[in-house]
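**Student:** Build the 3D model from these lines:
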Amino acid sequence: MRTSLIYSLNLLLLRCVYLSMVCFFYYKYCVYAKKVVSLHSKYNAKPIAHWQLDIIMTIINRNIIRTRALVLSILITLLSASVRAESVYRDTCYSLRADMTYAYNIVYGHHGAFDVDAILPINPHFEGEVAARATTANTYAIGFRAQPKFPIRKNGIDYGEVVLETRVLYNRYERNQIHGLSIAFSAGYRWEYIYFKAGYGLSMAATTVMSQHSTENSVFEPHNLVYYLEIFARPHTSPWNISACITDMTDFQMERMFTPIFMLKSYVDIAEHWRLCFCGQCKPVGIANQAASFFGAEVTVGGLYKF
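**Tutor:** Purely as a prediction, here's the structure:
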């Protein structure tokens, strides 16, 4: 009875999310079309022709169809969480984590970051995560992760688990008047000493202020390979651990496939509900051009509380 109620509520929530996202993107495309028409009327003496308007509406309709397909893909991944799956790797309790980060890169120089991360095991079949970041460089980010898991067992022996993941990331660079949206879908495998996943990602970026002299205010990158590989020194259930990781997508950024991020992580359980977390990361650039150089690095210290 309780499981059916939870499933019904989750399904209702997903329907609301779907309708909200479709309405939002439809509104954005309509605003964009209105801007194009107004700019054309402002800088051209002749009114916009019917064939030109038809081309604009065709582009908008195609984008709406792509948006609906994207939203449906997210919902399919989330609905797969309704499949019954018991996971020995899944956190069984709600957790809240707070981090402080010292960072340096060649664009922003020295700056700090403050992160809040909530791990949400909504039911035994589905785990979610919501994370937010604010930096002293006047940049902000919020991320969402949904991950159903499917264990592999034979004769009572655990052989790890297959995971499906949907990750959505919104970045706002207030100092540059730019914001962006990144979405990634991946599948992977996790066992005691290894965690690997790979998939497809796309990203969009646009200026927060519409220019009156150009309609080229946005960039769309539809194809990107996302990957994540982490090697652990100790089993998952250990009270302390150390791991090395290489990826192109973290909780707050998605890079191109040729710009990997190298990380060294560790944690120590200091009490029944408390855990100390440490992470250092380095990001080089120019690897694809065989001219690798340093871009930036971060050092993070945080604490996690399990309810």
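**Student:** Strands along the chain, start to end?
**Tutor:** For the chain, applying DSSP state E gives strands covering 95-105, 109-123, 126-135, 139-147, 149-154, 157-173, 178-190, 194-207, 218-232, 240-247, 261-269, 274-285, 293-306.
**Student:** for residue 194, what are its contacts?
**Tutor:** Contacts for residue 194 (Cβ atoms under 8 Å, 6 or more residues apart in numbering) come out as 229-232. In short, each C-beta sits where N, CA and C put it, glycine included.
**Student:** what about 7 Å?
**Tutor:** By Cβ atoms under 7 Å, 6 or more residues apart in numbering, residue 194 lies in contact with residue 231.
**Student:** Now render the strands of the chain as CSV, adding distance to residue 255 and mean pLDDT.
**Tutor:** Rendered in CSV, the data for the strands of the chain read as follows (distance: least, Cβ to Cβ, whole Å; pLDDT from 0 to 100):
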stretch, distance to residue 255, mean pLDDT
strand 95-105, 12, 94
strand 109-123, 17, 90
strand 126-135, 16, 92
strand 139-147, 13, 94
strand 149-154, 26, 84
strand 157-173, 11, 90
strand 178-190, 10, 93
strand 194-207, 10, 92
strand 218-232, 9, 90
strand 240-247, 9, 95
strand 261-269, 7, 95
strand 274-285, 7, 93
strand 293-306, 10, 93
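**Student:** who's in contact with residue 191?
**Tutor:** So residue 191 contacts residue 160 (Cβ under 7 Å, 6+ apart).
**Student:** any idea how far it lies from residue 281?
**Tutor:** As for residue 191, its distance to residue 281 is 23 Å (criterion: Cβ to Cβ, to the nearest Å).
**Student:** cool, and residue 300?
**Tutor:** Using Cβ to Cβ, one obtains 8 Å as the distance from residue 300 to residue 281.
**Student:** and what of residue 253?
**Tutor:** Residue 253 sits at a distance of 10 Å from residue 281 (criterion: Cβ to Cβ).
**Student:** swap in residue 108?
**Tutor:** Applying Cβ to Cβ, one obtains 15 Å for the distance of residue 108 from residue 281.
**Student:** Tell me which of those two has more neighbours.
**Tutor:** For residue 108 versus residue 281, neighbours defined as other Cβ atoms under 10 Å are more numerous around residue 281 (19 against 16).
**Student:** residues in contact with the more buried one?
**Tutor:** For residue 281, the residues meeting the contact criterion (Cβ under 7 Å, 6+ apart) are 261-263, 297-298.
**Student:** Make JSON lines out of these and add neighbour count.
**Tutor:** Written out in JSON lines, the entries for those read as follows (neighbours: other Cβ atoms under 10 Å):
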{"residue": "261", "neighbour count": "20"}
{"residue": "262", "neighbour count": "14"}
{"residue": "263", "neighbour count": "19"}
{"residue": "297", "neighbour count": "15"}
{"residue": "298", "neighbour count": "19"}
